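*Asks:* this one's sequence-less:
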């Protein structure tokens, strides 16, 4: 086995676990306020995984810091486990070490939904005439994807959890185990299961308000990321409505949230 | 030698993980091993695992990984890394349940997985010591006490032959009535999903 | 914190019916004593009987006790190392614009005069006068009493501001006032004062958003160019970043403001409100630290909430008074409570700020608002910013705490882009979101 030297983690020291020998070197994928996300392997090279590391915050009292790190890893792992049992596509949890501040989860092979949609839209006919002619049939694969997004989000809400940061960047498009659309076709670009990722801000909640805010955040993110498909967003909501029992109430609340914006009005 | 040396990713260096799989273990052998375990005989410090409660290598090795990591971070909940491997297979912190369900059962366990974590930093092995300290000694020691048992390669194929899905896996990991599993028709896919859930349950054991 | 005799203490918890009469009497008394306006009473000093009353009307003319402003020379320039922009400029005629700003959205009445160099845009503080309405320990400031204070002191503070600045009225270009957000009655009182000056001197009015005032003053004083702003005061808790002509609110408190949480907890512990409840909590917290008491930690994305923490802190304070033991089996003290409260709520503030910084890709953070004076908050924010390879910018109490100069500064920036508030529209509003203001003066 090759003992690899870690690379790609820039200025940050690796968490201790990632300094141990591994068949593939860890790579830093993102660095956010929450912590750092590495790609590495669980057990052996056949099991690629993501290691989410929450480093200690130097500004925080050590006791409070340890408590929060543990609480958050626990909360995220529980939401993932709950979703997995209920059949909502999410990464599996492979291992956790709340004291060391890390959690290993399944690596989802595929592209972010954001990228898939933009690539699909990028191939749309350019002229207006072509657009109008093609629109009805052309968008069918995209609409199907949007419906899968709605069903998945509904499935998540049905488990009594909300995501807290729904965007098309926080969804992966995992290729179907058996593909349907032809190789190289446009439909192939948006084919696959929608897998929700990054549950760092997820919370247990069954309130209509929280569900509506989740949808509103997604709606706003969708409009700014995919302006050309903005009017198709309704398909997400249509599929959402059919996905679980209380979906109608959440959609009614979404109207309120849209009117006032995410924030409530403020007293000085 | 059917003793396999396992190299796990992201495990602190300085230790060797050895595994072996025996079928047709006699009742007297399982009785003896359990007795030595209860007596805390240091020569018999192994993780003895009943293979009918194990799905696959990934299932077993996830527990080994978790236990070795616990040992490396000084957070063992049991006396040593070997007992920790056994309880790491459980979905909760009920230690006696874990020993009963995944550990060796006298007279009952005829399919046995043995895991030994050997420190590699130890000085030259002393052949006269009763405590095996090299892979060769471990293998000799196991063969001596598991006479008549069939050493079997530890593969997913071989493991799946002895897995008791209904009475053990589904029950121990509470997989009955789980919507995600009931939705899967294909039996192979269903078992793959069960393995995922089992590893997840183990990962959440302490949370 | 002793408030003197037991008899006084019982009446100092709330405003008795006779309070207003008493208050007015003290006003007359203090008008006579105006010349000997006192320095800030050290919080540990025993407060003599009746002094809770006298502290109500104490004039806090900060510049008289502060070296940076202590001078008899007119047109003193604020000039420190952390304010490279605030260098002296030669104030010859028509080379500068001058604004007078009036602030009174809460318990501070502040009037300040600022000048902007027309060619360089450099800002110079000519005067910055403040008078704080301090309520007795265990009480908060009520709108009507605060408004009465502002009305009573408006003329005097304005006169002091003018004489300190040493400029003729004719040089003033506009009168700026706080339009909101804030407490209705005090806002209205000061707006009336501003309108009066406007009519009296025939100067245009400029209504200013209080939060924008804090931000612009903080940017100018510290030289932070495009920071993420944490605005923390008794009435507001916001994480703000500038984008496309607006100060956009990324995160905020979903219930009470952080300063309100601190103020109310000071009331629970009956800590003195002089010079400010938060200041006294900070001093007490420095004595704590033996243990960290468990308080809820309520961060939700970039938002946070403080009411649950206050409830729990109040419960712990009650347990303390009943002699119950802490988690380590030892009794805990007000200092332990203050320490735990600060550690918890400041960690929340730093966390939501960090999240906003990661979101907008900035590594500068500016803290403004009264709570921003807190050194522990500044220290924690500094540790976070340093880890991100950035730095924290903060101002001292002259600019952190509500003041008139920030209103003058932000108002003058708007005025220079052609903005004026016609007299008939010179209203106040308790609700006035930071992101409602069109920031024409920035790119």
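*Replies:* Here it is on my side, so go on. Not measured: the values here are computed from a predicted model.

*Asks:* centroid residue for chain A?
*Replies:* The geometric centre of chain A, computed from its C-alpha atoms, lies nearest to residue A:170 (CA atoms, centre = their mean), at 2.6 Å.

*Asks:* For residue A:104, see how far away residue A:92 is.
*Replies:* For residue A:92, the distance to residue A:104 (CB to CB, to the nearest Å) stands at 10 Å. (Glycine included, C-beta is placed from N, CA and C.)

*Asks:* Kindly report the same for residue A:202.
*Replies:* Distance from residue A:202 to residue A:104, by CB to CB: 18 Å.

*Asks:* more neighbours, these two?
*Replies:* In this view residue A:202 and residue A:104 are compared by other CB atoms under 10 Å in any protein chain shown, and residue A:104 has more residues nearby, 28 against 25.

*Asks:* looking at it, that one is touching residue A:50, isn't it?
*Replies:* Yes - using CB atoms under 8 Å, residue A:104 makes contact with residue A:50 at a distance of 7.1 Å.

*Asks:* who touches both of the two?
*Replies:* Any residue near both residue A:104 and residue A:50 by CB atoms under 8 Å, 6 or more residues apart in numbering or on different chains counts here, and that gives residue A:40.

*Asks:* still on that earlier bit, where do the contact lists of residue A:92 and residue A:104 overlap?
*Replies:* Shared contacts of residue A:92 and residue A:104, counting by CB under 8 Å, 6+ apart, come down to nothing at all.

*Asks:* excluding its backbone neighbours, what's nearest residue B:29?
*Replies:* Using CB to CB, 6 or more residues apart in numbering or on different chains and skipping the chain neighbours, the partner closest in space to residue B:29 is residue B:146 (5.4 Å).

*Asks:* For chain B, what is the nearest residue in chain C?
*Replies:* For chain C, the residue closest to chain B is residue C:297, as judged by CB to the nearest CB, at 17.9 Å.

*Asks:* Let me see the contact set for that residue.
*Replies:* Going by CB under 8 Å, 6+ apart, residue C:297 touches A:64, A:67, A:68, C:309, C:344, C:347, C:348.

*Asks:* OK, contacts around the last one?
*Replies:* The contact partners of residue C:348, by CB under 8 Å, 6+ apart, come to C:297, C:298, C:299, C:304.

*Asks:* Generate CSV for those residues, with secondary structure, pLDDT and distance to residue A:249 as supplementary columns.
*Replies:* CSV is the format used below for these (DSSP: H, G, I helix; E, B strand; the rest coil; pLDDT from 0 to 100; distance: CB to CB, whole Å):
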residue, secondary structure, pLDDT, distance to residue A:249
C:297, coil, 95, 30
C:298, coil, 92, 25
C:299, strand, 90, 27
C:304, strand, 92, 27
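
*Asks:* Of those, select the buried ones using a PyMOL command.
*Replies:* The following PyMOL command selects only the buried members of the contacts of residue C:348, with burial defined by 16 or more other CB atoms under 10 Å in any protein chain shown:
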select buried, chain C and resi 297+298+299+304
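
*Asks:* Closest one to chain A out of the contacts of residue C:348, please.
*Replies:* Taking these together and measuring to chain A by CB to the nearest CB, the closest member is residue C:297, at 6.2 Å.

*Asks:* separation between the closest one and residue C:254?
*Replies:* Residue C:297 sits 14 Å away from residue C:254, taking CB to CB as the criterion.

*Asks:* Just the terminal-to-terminal distance for stretch C:163-181.
*Replies:* 29 Å (CA to CA, to the nearest Å).

*Asks:* Any buried residues in it, and which?
*Replies:* Buried, per 16+ other CB under 10 Å, within stretch C:163-181: C:164-165, C:167, C:171-181.

*Asks:* So that stretch, near chain A or not?
*Replies:* Yes - with CB under 8 Å from any CB of the partner chain as the threshold, stretch C:163-181 lies in contact with chain A, specifically through C:180, C:181.

*Asks:* average pLDDT across that stretch?
*Replies:* Per-residue pLDDT values over stretch C:163-181 give a mean of 96.

*Asks:* what does chain C put close to chain A?
*Replies:* With the criterion set to CB under 8 Å from any CB, chain C comes near chain A through C:105, C:180-183, C:210, C:235-236, C:249, C:252, C:254, C:292, C:294, C:297, C:300-301, C:343-344, C:347, C:350-351, C:354-355, C:357-359, C:379-381, C:383-384, C:387, C:389, C:430-433.

*Asks:* Buried members of these into ChimeraX, please.
*Replies:* To isolate the buried ones among these in ChimeraX, judged by 16+ other CB under 10 Å, type:
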select /C:105,180,181,182,183,210,235,236,249,252,254,292,297,301,343,344,347,350,351,354,355,357,358,359,380,381,384,430,432,433
